Structure formats: structure tokens, C-alpha cells
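>>> With the sequence up front, the predicted model follows.
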Amino acid sequence: MDKFCYKFTSNSGGTEFVKRGCSVMFCTPLGEGCTKMEFEGVEGEMCCCSDTSYCNNAKIFKINIYISIFLLIFCLVFL
């Protein structure tokens, strides 16, 4: 049986709720990909991926922050 990781996101009242984890139970019926669903009583988007593709990883967000800071410094220095 394949092991999947998941990332569930929901926006409620201006607050973003994110739950990450790995579970065979949640994602086996869904397979890889994203779908709108209810999770723990909250409506949102559930994304599932194999446990080696890291769809629930926060590193992409961190990289985007570093790129944004670099571009801001570049513009302040050279423009």
C-alpha cells in the first residue's frame, strides 16, 4: 500500500488554516492531486502526494521569501 502525505488548507474569517501530515487513510481514495472537501468539520482543499514528492512541505514558501528580500535589496541598491 502506498504512503501519502497531505496538505489541507482552508481560509476562514481571514485566517488561513493549514494542516500537514502523512496518512494512508486520508489519501488512498483520492490518489495524487487536490480536491475540495471537508476535513475535521472545515471546508477546504486537500492535496495528496506520494511521501517522496513533499507536497506538504513549506520550503517553497521560504524560498519565495528569500527571493523577495533579495529583489527588494537589489532594487534599493541599484535603482
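Perfect, thanks for sending it.
>>> C-alpha from now on. contacts and neighbour counts both.
Will do.
>>> quick one, helices of the protein?
24-27, 59-78 (DSSP state H).
>>> Which of the ones you listed has the lowest mean pLDDT?
In terms of average pLDDT, helix 59-78 trails the rest of those, at a mean of 69.
>>> start to end distance for stretch 17-29?
Start and end residues of stretch 17-29 are separated by 23 Å (CA to CA, to the nearest Å).
>>> How far off centre is it?
In this view, stretch 17-29 has its centroid 11 Å away from the chain centroid, taken as CA atoms, centre = their mean, to the nearest Å.
>>> all numbers from here: first residue = 17
Got it, the first residue is 17 from now on, which makes the last one we talked about stretch 33-45.
>>> in it, what counts as buried?
36, 38, 42-43 (16 or more other CA atoms under 10 Å).
>>> How many residues are close by residue 61?
Counted by other CA atoms under 10 Å, the residues lying close to residue 61 total 18.
>>> OK, contacts around the nearest residue to it once chain neighbours are set aside?
The shortest distance from residue 61 to any non-neighbouring residue, by CA to CA, 6 or more residues apart in numbering, is to residue 52 (4.4 Å). Residues in contact with residue 52 (CA atoms under 8 Å, 6 or more residues apart in numbering) are 59-62.
>>> Turn those into a markdown table, columns for pLDDT.
Below are the contacts of residue 52 laid out as a markdown table (pLDDT from 0 to 100):
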| residue | pLDDT |
| --- | --- |
| 59 | 90 |
| 60 | 91 |
| 61 | 90 |
| 62 | 88 |
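>>> and of the residues you listed, the nearest to residue 89?
Among the contacts of residue 52, residue 61 lies closest to residue 89 (CA to CA), at 34.9 Å.
>>> does the closest one really touch residue 27, like I thought?
No. Using CA atoms under 8 Å as the test, residue 61 is too far from residue 27 to be in contact (9.7 Å).
>>> For the closest residue to residue 58 other than its chain neighbours, list the residues it contacts.
What sits nearest to residue 58 in space, not counting adjacent residues and going by CA to CA, 6+ apart, is residue 26, at 7.3 Å. Neighbouring residues of residue 26 by CA under 8 Å, 6+ apart: 32-34, 58-61.
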